[in-house]
Every structure is written in structure tokens, then in C-alpha cells.
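Visitor: Curious how this folds, go ahead:
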Amino acid sequence: MDPDTPLNDGLRAAAATLAAAGVPSPRVDAELLAAHLLGVGVGRVRALALTGATVPAGFAELVAERAQRIPLQHLTGTAYFRHVELAVGPGVFIPRPETESVVQLVVDHAAAFSASSTVRTDGNGQGAAGGERPALKIVDLGTGSGAIAAALADEVPGAQIYAVELSELAAAWAEVNLRPRGVRLVLGDLATALPEHDGSFDIVVSNPPYIPAAAIPHEPEVALHDPPEALYGGGEDGMLLPTAAAASAARLLKPGGFFVMEHAEVQAEAIAAMLRRAGTFSHVTTHLDLNGRQRATSAVLAPPGQTLHPAQPAGTSAAAGLPDPRTNA
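Guide: You can find the predicted model right below:
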């Protein structure tokens, strides 16, 4: 592509190249690549395309790489998740839009908790005055890039947030994203991490690897570039790591604490049955994502001796009707 090519023509040609390569959103990706090179937003790119500006240096090379189905986020080094901007690249799972609905369940639950209590801390997560409760304590098991933990740090101010990640490479990306936000990153296995914090968390959230062994993703960006250890849940049904995350939640939560986990649509019934069989969770609830798919399941750690409640129907609000964790702490 000639460096004097008008930006509008360059975007049109790039979109055609990306479309031919099977990229799902060719025009948008072309605009995002140009925006990355120019250091401006997509709106500014569209305006420049109308004023006769030329393509930025390196644009043709980036388009060629994207046409090879290298993830857009690897080329720009950035992923957007809810209201936060994350540094990402090779070796870490690229956060997906459907996970944003999982974060919303936690935000809703945290809001319901905060509405029923005055929370004030002394800067170390401890109650600042007699009779006041400490801030919410949240852990993200299998944080990857840190997307969930970073979003919660942004949307649940004052919470103590921990994030656990096993992969050293992914944890390096998470460190970049979480350190400025005050999240405590722990390098470790989600199945065994934080034993010194057993029984102390108000909320456990997890998006563990869960793809069944034979379910190879169709998208080259996922199959070829997301790390396998972030995709496959273990076993033919992909349930080993989700089961481990649930067991850790039962160990880490306070009685009355809230657990929510993302999973594949086909695993919804198995996840709910597993949580009910455990005998330690109540209010087992399946939640739909924005596409109407059964994307997450939540539950409440039942206090000892409590009669467990039946599952609520899919789509029921996670924040509605839950026991107040403060009354069982």
C-alpha cells in the first residue's frame, strides 16, 4: 500500500483484505489498526478519512498480520473490558465480552451488600471504627490478564481484591494490569491457593478454563493464539478445573458468601448439579449472558446447619434474596 494512499481508500482496501481472510469485523478492525498507529480514537480516524489524510506508516503490514488471523489485541497490545483498558499479548487469554456479564453479577451483589451496611476502612481493609464491618473481600480465581479483578477494582471501590493465576506468563500481564489498581496478585493454583485466607472472603469469582477436550475452537485467533492452559478445563467434559474452582470457593468463602463462575452453555446443568450435590451451597442459580446463553452459575455458601434452598430459575438476579454475609460472619 503506497504511503500516499488516501486513508479512506486504505481503509476500504484493508476491510476487503480482512473480509477475504474471514475476519468477523473487517472494517472495524481496519479502523482500530489505523487508530492504534495514529494514537487516536476510531471516531478521529473516521473524521480523518473524510479530510483526505493518508494511511499511517506500517498500516499495510499490520493489516497483513491481521489477515493471518493474529488477534487484533496482540497487534495493538490492548484489550477493552467493561470500563478498563488492559495490556495483553502472546501468552495470555484475551478477555471476552460475555465475561462482562459475570462481572455484573458480582457488582450487583456488592451493591446489595453495601446498601445494607456502612463500610469504612482504615486503608488496610480493616474496619475503621468499632461495630463497622471491613470492606468486601473478593478473590478472582484464574485471573489470566486480570480482566475480572481489574474491572472489580474499578467498579467496587474500597474492596480488598485478590487475583490468583498459575501461568507465569499470564501473571506477568496481570501484574501490569493489576498493580496500579491495588489488586493483590498471587501466583498459584486456583485449586490450592490462599489457604491462609480460608473462610475469609465475601465473594469468589472465577472464569476457569472449561472447554471440553474434544471441543477445539473454530476461530483461528483462539485455537492458535490463546494459550491452551487457559482454554481446556481438563477431562472429556472440561469439568475438572470448574470443579476445583467450586471446591476452592467452598473453602475460601465466609458462610453466606457469594460464588459465581463462568462456564460453557452445555455445562450449565452439570455445574448446577455439582454445586447442589456438594451440600454446602444454597441459592444455586443459572445466569444468561447478553446472547441468552447459560453462561454463569452462582451460589451462596450455606451456614452450618442451614436448610438448603432449591435452585432459582435461569436469569434470576444474583443479588436478590441472598443471605447477608455480615449476619453469618
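Visitor: Show me what counts as buried in the strand or helix carrying D108.
Guide: Per DSSP states H and E, D108 falls inside helix 99-115. Across helix 99-115, burial judged by 16 or more other Cβ atoms under 10 Å covers 99-107, 109-110, 112-114. Placement of C-beta: from N, CA and C, glycine included.
Visitor: Same question for stretch 291-301.
Guide: Under the neighbour-count criterion of 16+ other Cβ under 10 Å, stretch 291-301 has 294-301 buried.
Visitor: For it, what does the pLDDT average out to?
Guide: Per-residue pLDDT over stretch 291-301 has a mean of 95.
Visitor: so how far is it off the chain centroid?
Guide: How far stretch 291-301 lies from its chain's middle: 14 Å, per Cα atoms, centre = their mean, to the nearest Å.
Visitor: again with stretch 73-93
Guide: 12 Å.
Visitor: what's the first-to-last distance across it?
Guide: One end of stretch 73-93 sits 10 Å from the other (Cα to Cα, to the nearest Å).
Visitor: contacts for it?
Guide: Here stretch 73-93 makes contact (Cβ atoms under 8 Å, 6 or more residues apart in numbering) with 32-33, 36, 62, 65-66, 94-95, 99-100, 103, 144-147, 150-151, 154-155, 167, 169-170, 172-174, 176-177, 225-227, 230-231.
Visitor: buried residues in that stretch?
Guide: For stretch 73-93, by 16+ other Cβ under 10 Å, it's 73-76, 79, 81-82, 84, 86-89, 91-93.
Visitor: Closest to L288 out of those?
Guide: Nearest to L288, judged by Cβ to Cβ, of the buried residues of stretch 73-93 is R82 at 17.9 Å.
Visitor: give the contact list for D289.
Guide: By Cβ under 8 Å, 6+ apart, the contact list for D289 reads 98, 101, 295-296.
Visitor: repeat for P157
Guide: P157 neighbours (Cβ under 8 Å, 6+ apart): none.
Visitor: helix/strand/coil for it?
Guide: Reduced to three states with DSSP: H, G, I helix; E, B strand; the rest coil, the structure at P157 is coil.
Visitor: just to revisit the earlier point, where is pLDDT lowest across the buried residues of helix 99-115?
Guide: The member of these with the lowest pLDDT is S114, at 76.
Visitor: any idea how far it is from A149?
Guide: Look at S114 and A149: by Cβ to Cβ, to the nearest Å, they are 18 Å apart.
Visitor: do A249 as well
Guide: According to Cβ to Cβ, A249 and A149 sit 15 Å apart.
Visitor: Give me the helix or strand of the chain that scores worst on average pLDDT.
Guide: Lowest mean confidence among the helices and strands of the chain (mean pLDDT, DSSP states H and E): helix 325-328, at a mean of 31.
Visitor: now the strands: where do they sit in this protein?
Guide: Remark: strands assigned in the chain by DSSP state E are 78-81, 84-87, 137-141, 160-165, 184-187, 201-206, 253-262, 281-288, 294-301.
Visitor: any chance of the ones you listed in CSV, plus distance to V45?
Guide: Shown next, in CSV, are the strands of the chain (distance: least, Cβ to Cβ, whole Å):
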stretch, distance to V45
strand 78-81, 15
strand 84-87, 17
strand 137-141, 34
strand 160-165, 34
strand 184-187, 35
strand 201-206, 35
strand 253-262, 33
strand 281-288, 35
strand 294-301, 32
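Visitor: quick one: low-confidence ranges for this structure?
Guide: Low-confidence segments of the chain, defined by pLDDT under 70: 117-133, 305-329.
Visitor: Try it again at 90.
Guide: Across the chain, the ranges flagged by pLDDT under 90 are 1-4, 52, 112-135, 210-237, 278-279, 290-291, 303-329.
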